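Participant: Have a look; sequence and predicted model below, questions after that.
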Amino acid sequence: MALPSLSDVAIVAVHNTRQARQIDEPEDSLMLGAFRAVMVEAGIGPADIDGISAHGWTSGINGSDVIAWLGGHPCWNGVHYPGIASVMEAAGAIMAGQCHTVLMGAAQSGAHRGRTHTAPWTRPENEFVACWGMFTPAHFALIARRHMALYGTPVEALAEVAAAIRSNGAVNPEAVFFGKPVTREDVLNSRMIADPFHLLDCAMTSEGGSAIVMTTRERARDMGGEPIYILAGALERMGQAYVEPPLWDRFGMMGARAAAGCFERAGLTPKDVDVCEFYDPFSFEIIRQLEAYGFCQPGEAAGFVLDGNIRIDGSLPVATNGGLMSFSHAGAVQNLQKVIAGVQQLRGLLPPQLTVKGAEVAMISNNGSGAVTCDVMLLGKTA
Amino acid sequence: MSYVSAPAEGRPLPVPTELSAPHWDGAREGRLMVQQCPVCEAYVFIPRRACPQCLAEPLEWVESSGKGTIYSYTIIHRPPHPAFEPPFCAAIIALEEGWHMLSNVVGTDPATIAVGQAVAVEFLDCGEVTLPVFRRVN
Ligand SMILES: [Zn+2]
């Protein structure tokens, strides 16, 4: 039997549940809702699925739980965290013939409670970190500040990134911050959190669920929806997050190796990318990624951004669904939502004013320099 | 304004491990201690079991001059913990031996801090632990 290659693996259905700052629905219910919707879109039932990848942030729901929900028939079970990592893991399982159709989901609810609603992952505890008053925005700020000192990157460029992405979410009815347009001035006038980051340079936390179905090109023909293909993907990890000093020299170009490898394997260059669903926990991360992935020379991304290129009507729209900043930033889910945004964009499923006409290739990324983790993936309408 | 020059009540303090104890013991004695590989002479921080360059162990503990420059910094206006009085400066210090650590720059108006400024270590007694912090020098 000939095994499928990566170009034979397709994402056939995607679904986001409602997203909100806080959701009271239990995670298992949220995830089941995402699974039901995505299976309807794919036109399949539990018996058609032979692979599971699932993660619930607060509840600890995992693949074994979901396999039981589906009746407990034999299934491959992925262990990677939802997002590019789990999609590439599932693609590998399909290519190896371990399974043919993977149901993948993530959900988070009930995580943000109490007076301050700060997410637990934003307060990493480490003996060489916590005692200095460090927290996640400060880690990313230390990366940004070094770039600003090296290249003269102005704060207006950071504000432009946040305004561009939040403007996308403002017109996406599914976004947490729908109806809340943001200008550069709004960003610069919002209160300072960790200089150079103002409040609106930072993604606020939210909750929600998401699911996708992956299968082979052959089976995708019999399912509903237009298949989107994985052209290339790569994980790039550089150690323990939020432990070592976030040095620009070490982590500033994170993702460069993964991106270069993806472009080489896909036979593409940055010029072939139509839309970028880049991970946007903080505004500066977009400037960093434009340089690390080869869209701009070092030090030139700020000017590129200030010229309006990453706006929805620009030459290289970024975070078109509103991203972490405006669509949703639900700890277990937002990485998978980047993949979903890419699929939705290539299938023309986003609202008309957020649809990039004729988009053929989308670049996706997960996580960032402050977290010393940066995964990238290229998706295409055609393999 | 304190600019984190004094320990505040309830500040999260490190709990030394067997691996890191020499660093914190040194700070209590007013010495900034860092690991160095006896084989390839690489400086290693944060503390590790073996050298990340050549995997040699055990690593030696040596004293740093405590002199360096501000590699990068952030002025924190919205602290993660009420014990920190904003605004204050968290920074990456590039030590002159060629290694880096996170710390605070104290005793300086945060608005005047810049990348590249010269700093020197001083020691902040926080009771159970002494923290190596940095102050600008001319
Ligand atoms: Zn060595």
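Facilitator: Yep, that arrived. Numbering: from 1, shown residues only, chains lettered A, B, ... in the order given.

Participant: Every contact and neighbour count from this point should use C-alpha atoms.
Facilitator: Fine.

Participant: Near the ion, which residues of chain B are found?
Facilitator: B:37, B:40, B:51, B:53-54 (Cα under 5 Å from the ion).

Participant: So how do I select the buried members of the residues you listed in PyMOL?
Facilitator: Only the buried entries of the residues of chain B next to the ion go into this PyMOL selection, using 16 or more other Cα atoms under 10 Å in any protein chain shown:
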select buried, chain B and resi 37+51
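
Participant: Verify the stated contact: A:E285 with A:N367.
Facilitator: No. Between A:E285 and A:N367 there is no contact under Cα atoms under 8 Å: 9.4 Å.

Participant: Contacts only, for A:D313.
Facilitator: A:V356 (Cα atoms under 8 Å, 6 or more residues apart in numbering or on different chains).

Participant: and the gap between it and chain B?
Facilitator: Here A:D313 is placed at a distance of 33 Å from chain B (Cα to the nearest Cα, to the nearest Å).

Participant: Can you tell me the SS state at that residue?
Facilitator: coil (DSSP: H, G, I helix; E, B strand; the rest coil).

Participant: how near is it to the ion?
Facilitator: Distance from A:D313 to the ion, counting by Cα to the ion, to the nearest Å: 51 Å.

Participant: Equivalent analysis for A:I212, please.
Facilitator: 46 Å.

Participant: about what we covered before: quickly list what's touching both of A:E285 and A:N367.
Facilitator: Both A:E285 and A:N367 are contacted by A:Y279, under the criterion Cα under 8 Å, 6+ apart.

Participant: Now do the same for A:V79: helix, strand or coil?
Facilitator: Relying on three-state DSSP, one would call A:V79 coil.

Participant: Can you report how many residues neighbour the nearest residue to it once chain neighbours are set aside?
Facilitator: Leaving aside its chain neighbours, A:V79 sits nearest to A:S53 (6.7 Å; criterion: Cα to Cα, 6 or more residues apart in numbering or on different chains). A:S53 has 27 neighbouring residues, counting by other Cα atoms under 10 Å in any protein chain shown.

Participant: now swap in A:G380 and tell me
Facilitator: 25.

Participant: That one and B:R28, how far apart?
Facilitator: A:G380 is 58 Å from B:R28, where distance means Cα to Cα, to the nearest Å.

Participant: Tell me which stretches of chain A form helices.
Facilitator: A:27-42, A:63-69, A:84-95, A:136-151, A:155-170, A:184-189, A:217-220, A:248-251, A:256-266, A:283-292, A:301-306, A:334-347 (DSSP state H).

Participant: Could you work out which of the ones you listed reaches nearest to the ion?
Facilitator: Each of the helices of chain A has some distance to the ion by Cα to the ion; the shortest is helix A:248-251, at 18.1 Å.

Participant: ok so, going back, quick one: residues contacting the residue nearest to A:V79.
Facilitator: Listed by Cα under 8 Å, 6+ apart, the contact partners of A:S53 are A:62-63, A:77-80, A:82, A:86, A:90, A:102-105.

Participant: burial count for residue 34?
Facilitator: All of this is about chain A. There are 25 residues near A:A34, going by other Cα under 10 Å.

Participant: oops, chain B please
Facilitator: 22.

Participant: Can you check what pLDDT the model gives it?
Facilitator: Looking at B:V34, its pLDDT reads 98.

Participant: A:R113 too?
Facilitator: Predicted confidence (pLDDT) for A:R113: 63.

Participant: How many residues are close by B:T74?
Facilitator: Other residues near B:T74 come to 31 when the count uses other Cα under 10 Å.

Participant: Pairing partners for the most centrally placed residue in chain B in the sheet, please.
Facilitator: For chain B, B:S103 is the residue whose C-alpha lies nearest the centre (Cα atoms, centre = their mean; 4.1 Å). Beta-bridge partners for B:S103, by DSSP bridges, are B:A91.

Participant: what about it, distance to A:W248?
Facilitator: Relative to A:W248, and taking Cα to Cα, B:S103 is found at 16 Å.

Participant: check contacts around A:P298.
Facilitator: A:P298 neighbours (Cα under 8 Å, 6+ apart): A:291-292.

Participant: one step back: and the residues of chain B next to the ion, which is closest to B:R136?
Facilitator: Nearest to B:R136 out of the residues of chain B next to the ion is B:C37 (Cα to Cα; 29.3 Å).

Participant: check contacts around the closest one.
Facilitator: B:43-44, B:51, B:56-60.

Participant: and the gap between it and chain A?
Facilitator: 18 Å.

Participant: thinking again about what came up before, hey, what's the residue nearest to A:V79 bridged with?
Facilitator: On the basis of DSSP bridges, A:S53 is bridged to A:M104.

Participant: What pLDDT is listed against it?
Facilitator: Here the pLDDT value assigned to A:S53 is 98.

Participant: do the same with A:S59
Facilitator: In this prediction, A:S59 carries a pLDDT score of 90.

Participant: burial count for the residue nearest to A:G370 when sequence neighbours are not counted?
Facilitator: Nearest residue to A:G370, sequence neighbours excluded (Cα to Cα, 6+ apart): A:F140, at 4.8 Å. A total of 26 residues lie near A:F140 under the criterion other Cα under 10 Å.

Participant: Tell me which residues touch the nearest residue to A:L200 once chain neighbours are set aside, please.
Facilitator: Spatial nearest neighbour of A:L200, excluding adjacent residues (Cα to Cα, 6+ apart): A:V187 at 5.1 Å. Applying Cα under 8 Å, 6+ apart to A:V187 gives the contacts A:159, A:162-163, A:198-201.

Participant: circling back to that earlier point, chain A: which of the contacts of B:C37 is nearest?
Facilitator: Nearest to chain A out of these is B:V44 (Cα to the nearest Cα; 10.9 Å).

Participant: do you know how far B:A120 is from A:A301?
Facilitator: Distance from B:A120 to A:A301, by Cα to Cα: 34 Å.

Participant: Between those two, which is the more surrounded one?
Facilitator: The residue with more neighbours, out of B:A120 and A:A301, is A:A301; 22 against 19, by other Cα under 10 Å.

Participant: for that one, what are its contacts?
Facilitator: A:287-288, A:290-291.

Participant: which one of these is nearest A:V339?
Facilitator: Nearest to A:V339 among these is A:L290, at 18.0 Å by Cα to Cα.

Participant: What about the closest one, how many residues nearby?
Facilitator: By other Cα under 10 Å, neighbour count at A:L290 equals 25.

Participant: which residues sit in contact with it?
Facilitator: Contacts of A:L290 (Cα under 8 Å, 6+ apart): A:296, A:301.

Participant: try 10 Å
Facilitator: Residues in contact with A:L290 (Cα atoms under 10 Å, 6 or more residues apart in numbering or on different chains) are A:253, A:256, A:270, A:276, A:278, A:296-302, A:304-305, A:318.

Participant: Which of those sits closest to A:V333?
Facilitator: Nearest member of the contacts of A:L290 to A:V333, counting by Cα to Cα, is A:F278, at 14.6 Å.

Participant: hang on, that closest one packs against A:L378?
Facilitator: No. If you go by Cα atoms under 10 Å, A:F278 and A:L378 don't touch, sitting 11.1 Å apart.

Participant: so what sits against both of these two?
Facilitator: A:339, A:342, A:362-365.

Participant: Can you tell me which helices and strands whichever strand in chain B runs longest packs against?
Facilitator: Using DSSP state E, we find that the single longest strand of chain B is strand B:67-76. When contacts are defined as 3 or more Cα pairs under 10 Å, 6 or more residues apart in numbering or on different chains; DSSP states H and E, strand B:67-76 sits against helix A:136-151, strand A:192-194, strand A:197-198, strand B:88-95, strand B:100-105, strand B:118-125, strand B:130-136.

Participant: what secondary structure does the closest residue to B:C54 other than its chain neighbours sit in?
Facilitator: Excluding the flanking residues, the one nearest B:C54 by Cα to Cα, 6+ apart is B:C40, at 7.1 Å. Three-state call for B:C40 (three-state DSSP): coil.

Participant: Which pLDDT value does the model give the residue of the stretch 151-300 of chain A found nearest chain B?
Facilitator: Using Cα to the nearest Cα, the closest approach of the stretch 151-300 of chain A to chain B is made by A:A194 at 4.3 Å. We have a pLDDT of 96 for A:A194.
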